[in-house]
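Colleague: Need coordinates for the following:
(2 chains, ligands or ions: 2)
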Amino acid sequence: MTVESFEGNNFYEDDRMKEIYTNEKFKVLDECIEKNKLKPGPLMPTLQDAQRIFGCVSEEIQEYISKALNESYSKISGVVSFYTMFSTKPRGKHIVGVCTGTACYVKGSQKLVDKVCEILKTPYGQTTKDGLFTIAPTRCLGDCGKAPVVMIDEDQYGHVTVDQIEKILKKYK
Amino acid sequence: MNLTELEKIKSDTLETVGNKFDKDLRGHDKEVRVVLRNCDLIDPENINEYIARDGYFSLNKVLTKLTSKEVIDIVKESGLRGRGGGGFSTGTKWQFALNNESEQKYLICNADEGDPGAFMDRSVLEKDPHVIIEGMAIAAYAIGAKYGYIYVRAEYPLAAKRMQIAINSARKNGLLGQNILETDFNFDIDIRLGAGAFVCGEETALISSIEGDRGMSRNKPPFPAEKGLWQKPTIINNVETLANIPQIINNGAKWFRGYGTDKSPGTKVFALAGKVKNSGLIEVPMGITLGEIINEIGGGMAKKQRKFKAVLTGGPSGGCLTEKDLNASVDFDTLIELGSMMGSGGMIVLDDHNCMVDIAKFYLDFIVDESCGKCTPCREGTMHMYNLLDKITSGQAELKDLEKLEELARLVKKASLCGLGQTAPNPVLSTLNNFRDEYVAHIVDKKCESSVCKDLINKYEITNSCIGCRICAKKCPTNCIGGELKGLHVINQDECIKCGTCFEVCPVDAIITEGVLN
Ligand SMILES: Cc1cc2nc3c(=O)[nH]c(=O)nc-3n(C[C@H](O)[C@H](O)[C@H](O)COP(=O)(O)O)c2cc1C
Ligand code: FES
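Modeller: Ligands and ions are numbered 1, 2, ... in the order given. Below you'll find the predicted structure:
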């Protein structure tokens, strides 16, 4: 997928990092780790918990998990980079997914992707400067009958047209 | 829980809410409801309603009356073939695992549903989760497994939630865990979530993922039935495959063979989508013709003036079927003969505004993204195939690139490690086979007949067939279309950004494109 790039999207450094690492969050993670350790193959569930709790699995969090589960850091890093659901940087407050599965694609969802990138002035797959939106690569939301489909956080919109997308995004601003 | 209690719950529930089960939810006479029989009828979070629909009676029958071998024989006799794409005989696969004398064995339900453009498994997971639990318990009994996993793709949080609720209530009712249905059979299930990797639908990659590794495929043999999860014999079955099991046990192999064809018995759920009028989930007996699905159940093209061009089946591993195949029987073997495959059940209908080269490129883009990177043919080969297709769609290719593309396709197919790479060239080969002219037109005439490939479009123009409806003018994002209502419209070429919106919305196809060479 080629989308022209917009420069300088590195809001996530500095301020937002502080909010990410709170003691409470690590406490929740610890509880999850204890539970996961009881099962065989605890790494994936733990990373999923971390992604949910912190909104990302940054290098610091990977190191933390590496110690807690007694797994090498390199292995954890390998797993994190393999799966698209794990991000090493915090995601935006809202996740915008324009489905580019086959059913949506043949109904012109590429135009929606382009439009979203244009409106949010952010390349595909990245987060807006203000940290409000992440444009997440999305393949089939499992609602192909309503193609093209757009999902923002937990809300799903079907039969979306290029005209509607701006209005939909406004709701989250 | 035991049979008497099951019967009591059934009759009590039927008395209170039974009448809601009488609804006929089929959208068309040619549809049947076997796998989907409970979907949208029962409350998926209420185990009693599942029991009222004869739920867990099959499991009871299996645990109290049948041996493992007898269960496998029934499944073999039914001729059930795996619905995850491969179409391998389910009974035979179970037999492999039963024959293995290992102490520990595993059963995995593959709910990764990776094919972009398909949502059959999602419906069953969300709307009838207990049928999967029952199917899994029966399978586990048949092969001798005590532990099972459901691997649900991360994009389906509701499915995972419903499954968890169902598992909890099955445990509470003595239908999972120790001494199921008061017999000495023990079996329990855990849910594992995917994390957004298509290749994890492939069985060996799925195993790696559950083990907590990068989801990379492994060499086969050894097959999972021999050495799978944690090196133990493991059977992996698709959601829809397992959802068929309780009814096969309840009604018998002969009943099951009453649907479908001799070699592909039973029904198949398809996700019909794309440019067809009635899109959605359908369940049909195997052997129905493609035309019946698209024209009768699907109601033909969504836009009357558009012409049917092809239907994509098998997702990124499949191919396309065309006009000439409309009378073909939809079953495992026929679809392969026709150069496509059944796949997991995605069916995407295309019309004459879809470009086949672009579709092939779309699938390869997906594969390049999703290749796990372990073997070179798949990692590098598909990338080069993508680049060649990109050259073609942007008008930079020569005819000899077509030969290169075909050669590469054959190589990737032969040399790749797992099913992902081995089938990745199929969409290219199949579209080349059916639409070679279209490829050649892109290369030689620099023309995209369907007006999709933007680099090959020089300008949009409005012909005399314009009825002056103003639709295109209203939709044009740059407001560059002029003309009175009922008068001929004109595009101001200086301001046109070639977005193609007018071309898409025109109700009478009055807008044409001009190629770069004209
Ligand atoms: C790249 C790739 C992706 C696959 N994705 C799925 C999938 O999403 N769901 C599925 O059930 N099977 C999928 N399969 C097939 C599985 O490997 C396996 O054959 C299947 O789950 C076996 O179940 P069955 O015998 O019940 O069909 C995939 C195979 C390949 C090669
Ligand atoms: S392809 Fe978009 S929802 Fe399935």
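Colleague: could you check the distance from the residue of chain A most remote from its centre over to B:His130?
Modeller: Distance from the C-alpha centroid of chain A, by C-alpha atoms, centre = their mean, peaks at A:Leu38 (27.9 Å). Look at A:Leu38 and B:His130: by C-beta to C-beta, to the nearest Å, they are 26 Å apart. In this view, the C-beta of every residue, glycine as well, is placed from N, C-alpha and C.
Colleague: quick revisit: could you measure from the residue farthest from the centre of chain A over to B:Val349?
Modeller: Taking C-beta to C-beta, one finds A:Leu38 at 48 Å from B:Val349.
Colleague: Can you classify the residue of the stretch 51-200 of chain B found nearest ligand 2 by secondary structure?
Modeller: Residue of the stretch 51-200 of chain B nearest ligand 2, by C-beta to the nearest ligand atom: B:Gly117 (4.4 Å). Classification of B:Gly117 by DSSP: H, G, I helix; E, B strand; the rest coil places it in coil.
Colleague: Next, the contact list for the nearest residue to it once chain neighbours are set aside, please.
Modeller: Of all residues not flanking B:Gly117 in the chain, A:Thr102 sits nearest, at 3.4 Å (C-beta to C-beta, 6 or more residues apart in numbering or on different chains). Each residue near A:Thr102 by C-beta atoms under 8 Å, 6 or more residues apart in numbering or on different chains is listed here: A:140, A:144, B:115-117, B:273-274, B:312, B:315, B:346, B:348, B:362-363.
Colleague: rerun that using 10 Å as the cut-off
Modeller: A:109, A:139-140, A:144, A:147, B:115-118, B:273-274, B:312, B:315-316, B:346, B:348, B:350, B:359, B:362-363, B:366, B:427 (C-beta atoms under 10 Å, 6 or more residues apart in numbering or on different chains).
Colleague: pLDDT at the residue of the stretch 251-400 of chain B at minimum distance from ligand 1, what is it?
Modeller: Relative to ligand 1, the nearest point of the stretch 251-400 of chain B is B:Ser344 (5.5 Å; C-beta to the nearest ligand atom). Turning to B:Ser344, the model gives it a pLDDT of 90.
Colleague: ok, it touching B:Val269?
Modeller: Yes - counting by C-beta atoms under 10 Å, B:Val269 is a contact partner of B:Ser344 at 9.2 Å.
Colleague: who's more crowded, these two?
Modeller: B:Ser344 (32 against 26; other C-beta atoms under 10 Å in any protein chain shown).
Colleague: Show the contacting residues for that one.
Modeller: For B:Ser344, the contact set (C-beta under 10 Å, 6+ apart) comprises B:82-86, B:110, B:112-115, B:118-121, B:201, B:238-240, B:268-271, B:313-315, B:317-318.
Colleague: The same query, at a cut-off of 6 Å, please.
Modeller: B:84-85, B:115, B:118 (C-beta atoms under 6 Å, 6 or more residues apart in numbering or on different chains).
Colleague: repeat for B:Cys472
Modeller: Contacts of B:Cys472 by C-beta under 6 Å, 6+ apart are B:481, B:502, B:505-506.
Colleague: And those residues, which is the shakiest by pLDDT?
Modeller: For these, the pLDDT minimum is B:Val505, 87.
Colleague: Give me the neighbour count for that one.
Modeller: B:Val505 has 15 nearby residues by other C-beta under 10 Å.
Colleague: Test my guess that it contacts B:Ile471.
Modeller: Yes - here B:Val505 reaches B:Ile471: they are 5.3 Å apart, a contact under C-beta atoms under 6 Å.
Colleague: which residue sits closest to A:Ile20, ignoring its sequence neighbours?
Modeller: A:Phe54 (5.5 Å).
Colleague: returning to what we had before: now, which of the contacts of B:Cys472 sits nearest chain A?
Modeller: B:Val505 (9.8 Å; C-beta to the nearest C-beta).
Colleague: Quick check: that closest one vs ligand 1, distance?
Modeller: Noted for B:Val505: a distance of 35 Å to ligand 1, by C-beta to the nearest ligand atom, to the nearest Å.
Colleague: Return the residues in contact with that residue.
Modeller: B:471-472, B:475.
Colleague: Adding secondary structure, pLDDT and distance to B:Ser465, write those out as TSV.
Modeller: Converted to TSV, the contacts of B:Val505 look like this (DSSP: H, G, I helix; E, B strand; the rest coil; pLDDT from 0 to 100; distance: C-beta to C-beta, whole Å):
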residue	secondary structure	pLDDT	distance to B:Ser465
B:Ile471	helix	92	14
B:Cys472	helix	93	13
B:Lys475	helix	88	18
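Colleague: Go through the residues you listed and name the one nearest A:Asp49.
Modeller: B:Lys475 (46.0 Å; C-beta to C-beta).
Colleague: Next one: the closest one from B:Thr4, what distance?
Modeller: From B:Lys475 to B:Thr4 the distance is 66 Å (C-beta to C-beta).
Colleague: If you count surrounding residues, which of these two has more?
Modeller: The neighbour count for B:Lys475 versus B:Thr4, taken as other C-beta under 10 Å, is higher for B:Lys475 (18 against 8).
Colleague: quick one: contacts for that one?
Modeller: B:501, B:505.
Colleague: Flag every residue of chain A that's near chain B.
Modeller: Those residues of chain A that sit near chain B, judged by C-beta under 6 Å from any C-beta of the partner chain, are A:41, A:43-44, A:48, A:78-79, A:82-85, A:101-103, A:105-106, A:139-140, A:142, A:144-145, A:147.
Colleague: what's the pLDDT at the residue at the greatest distance from the centre of chain B?
Modeller: Relative to the centre of chain B, the most outlying C-alpha is that of B:Glu484, 47.1 Å out, by C-alpha atoms, centre = their mean. Predicted confidence (pLDDT) for B:Glu484: 89.
Colleague: top helix in chain A by residue count?
Modeller: The longest helix of chain A (DSSP state H) is helix A:23-37.
Colleague: tell me which element B:Asp365 is part of?
Modeller: Assessed by DSSP states H and E, B:Asp365 sits inside helix B:356-370.
Colleague: gap between that helix and the chain center?
Modeller: The chain centre lies 17 Å from the centre of helix B:356-370; the measure is C-alpha atoms, centre = their mean, to the nearest Å.
Colleague: That one packs against which elements?
Modeller: helix B:382-393, helix B:426-443 (3 or more C-beta pairs under 6 Å, 6 or more residues apart in numbering or on different chains; DSSP states H and E).
Colleague: Contact partners for whichever residue of chain A sits closest to ligand 2?
Modeller: Closest contact between chain A and ligand 2, by C-beta to the nearest ligand atom, is at A:Gly101 (2.5 Å). Each residue near A:Gly101 by C-beta under 6 Å, 6+ apart is listed here: A:139-140, B:116-117.
Colleague: among those, who's most crowded?
Modeller: A:Cys140 (30 neighbours).
Colleague: Pipe the contacts of A:Gly101 into JSON lines and attach pLDDT and distance to B:Thr431 per row.
Modeller: Output for these, formatted as JSON lines (pLDDT from 0 to 100; distance: C-beta to C-beta, whole Å):
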{"residue": "A:Arg139", "pLDDT": "86", "distance to B:Thr431": "20"}
{"residue": "A:Cys140", "pLDDT": "88", "distance to B:Thr431": "20"}
{"residue": "B:Pro116", "pLDDT": "85", "distance to B:Thr431": "17"}
{"residue": "B:Gly117", "pLDDT": "83", "distance to B:Thr431": "16"}
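Colleague: and residue 83, what does it touch?
Modeller: With no chain named, the answer covers chain A. B:195-197.
Colleague: hmm, I had chain B in mind actually
Modeller: Contacts of B:Arg83 (C-beta under 6 Å, 6+ apart): B:238, B:240-241.
Colleague: which one is it nearest to, not counting chain neighbours?
Modeller: Using C-beta to C-beta, 6+ apart, the nearest residue to B:Arg83 is B:Glu240, at 3.8 Å.
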